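# sequence below, structure please.
(one chain, ligands or ions: 1)
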Amino acid sequence: MKKTLLMLMAAGVLLTLYGCSAEAVPEKQDNEMKIGITVYDRYDTFISEILKDLNEDVLSARAEAGQEITLEIYNSSQSQSTQDDQVEEMIKHGCDVICVNLVDRTAPSNIIDAARNADIPIVFFNRELVDEDMLRWNKLYYVGADAFESGIMQGELAVDIIKNENVDRNNDGEIQYVILEGEAGHQDAIVRSENCVNRIRELGVKLDKLGYAIANWNRAQASNQMEKLIKNHGDKIEFVFANNDDMALGVIDAYNVSDIPRYKWPYVIGIDGTEPGRAAVKEGSMAATVYNDARGQADAIFNLSKRLASGESLEGLGLQGDKYIRLPYRKITKQNVDSFKD
Ligand code: GAL
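Below is the predicted model:
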């Protein structure tokens, strides 16, 4: 995030982050369109990329179409009650649409009730509500991706590597692996792990699970957890599947401080294709990753929000079941990594 902020400042742009106080917020102008957005944690690398892309969308809409659009951005710092309060603030500030990256995807009730009472549509994104909650009002939308697809792609990328490289170092006909998982209960964690492993097996590769750890999408946590796994399994681990790039990078951090020689490191594969993730694929420390389309999701959130705010038809936005926009994942390898530019 620090890097993102520096980049935006260098471009003459400042991403405004609001707390919960009304004082800092300039009064809404008559012709102004205000989009409120709250994220579960602005230090999450993938989420910070979506924020950066959204900010760019707003700037180009201002520059190209002369539209008076403002983004009011809040960080919930992983507290659902803070996020609930932030939505109340956005309503008070006259936001025309509210975008929510839920802290607890099973607890959207207060937010939905508040927005419905004020008749302000909500675009949820990245942390998916259960269907029942989505059906509670007709002005609720979701922008994200299909977790199972990323798991399948991760599995296929792994099989390509296993078939072409010397992964099975101990020649026992099985791949000894560990998994680093995102937050328990997040739709992208369990589903990615399951689909990755199932796809590898479907494609005829035998697997031997040595262990797993939950590291909540976080690089430092992944590094700590991986240090423990290395202590338990030494140089036996041949492959590490991480539910996202930050955790994959944490795994590599742990090997960098271990005494295991480079040629005995496992192959490490992530998901997201964030800037640091792509750099690691390019440089070779990460074997591959799966692109989680931050740019596409930001564009979808922005275009949907604009239409909702101005009351225009939602036709042509690719909504499924009138509520969902899901962006496809793509495989990233060393061969095509350069085509994924910001
Ligand atoms: C996932 C993403 C993770 C993390 C998480 C937050 O889709 O792959 O890196 O950002 O969302 O909800």
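# around the ligand, pick out the residues from the protein.
Residues of the chain lying close to the ligand (C-beta under 6 Å from any ligand atom) are 44, 46-47, 126-127, 186, 188, 217, 244, 271-272, 292. Any C-beta I mention is one placed from the backbone N, CA and C, and that applies to glycine too.
# surely Leu210 forms part of a helix?
No - counting by DSSP: H, G, I helix; E, B strand; the rest coil, Leu210 is located in no helix; its state is strand.
# hang on, the earlier thing: could I get the residues of the chain next to the ligand in JSON lines, plus columns for pLDDT, secondary structure and neighbour count?
Shown next, in JSON lines, are these (pLDDT from 0 to 100; DSSP: H, G, I helix; E, B strand; the rest coil; neighbours: other C-beta atoms under 10 Å):
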{"residue": "Asp44", "pLDDT": "98", "secondary structure": "coil", "neighbour count": "22"}
{"residue": "Phe46", "pLDDT": "98", "secondary structure": "helix", "neighbour count": "20"}
{"residue": "Ile47", "pLDDT": "98", "secondary structure": "helix", "neighbour count": "21"}
{"residue": "Asn126", "pLDDT": "98", "secondary structure": "coil", "neighbour count": "25"}
{"residue": "Arg127", "pLDDT": "98", "secondary structure": "coil", "neighbour count": "23"}
{"residue": "His186", "pLDDT": "96", "secondary structure": "coil", "neighbour count": "20"}
{"residue": "Asp188", "pLDDT": "95", "secondary structure": "helix", "neighbour count": "27"}
{"residue": "Trp217", "pLDDT": "98", "secondary structure": "coil", "neighbour count": "28"}
{"residue": "Asn244", "pLDDT": "98", "secondary structure": "coil", "neighbour count": "33"}
{"residue": "Ile271", "pLDDT": "98", "secondary structure": "coil", "neighbour count": "32"}
{"residue": "Asp272", "pLDDT": "98", "secondary structure": "strand", "neighbour count": "29"}
{"residue": "Asn292", "pLDDT": "98", "secondary structure": "coil", "neighbour count": "28"}
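# how is this protein partitioned into domains?
By the assignment in automatic domain parsing, the chain contains the domains 2-145+294-311, 147-291.
# looking at those domains, which is buried most?
Among these, domain 147-291 has the highest mean neighbour count (mean count of other C-beta atoms under 10 Å), at a mean of 20.
# want to try a markdown table for the domains of the chain, with distance to Asp338 as columns?
As requested, the domains of the chain are arranged in a markdown table below (distance: least, C-beta to C-beta, whole Å):
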| stretch | distance to Asp338 |
| --- | --- |
| domain 2-145+294-311 | 16 |
| domain 147-291 | 7 |
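# which of those has the lowest mean pLDDT?
When the domains of the chain are ranked by mean pLDDT, domain 2-145+294-311 comes last with a mean of 88.
# going by secondary structure, Cys99 is in what exactly?
strand 97-100 (DSSP states H and E).
# now find how far off-centre that strand is within its chain.
Centroid separation for strand 97-100 versus its chain: 17 Å, with C-alpha atoms, centre = their mean, to the nearest Å.
# average pLDDT across stretch 326-335?
On average, stretch 326-335 scores 98.
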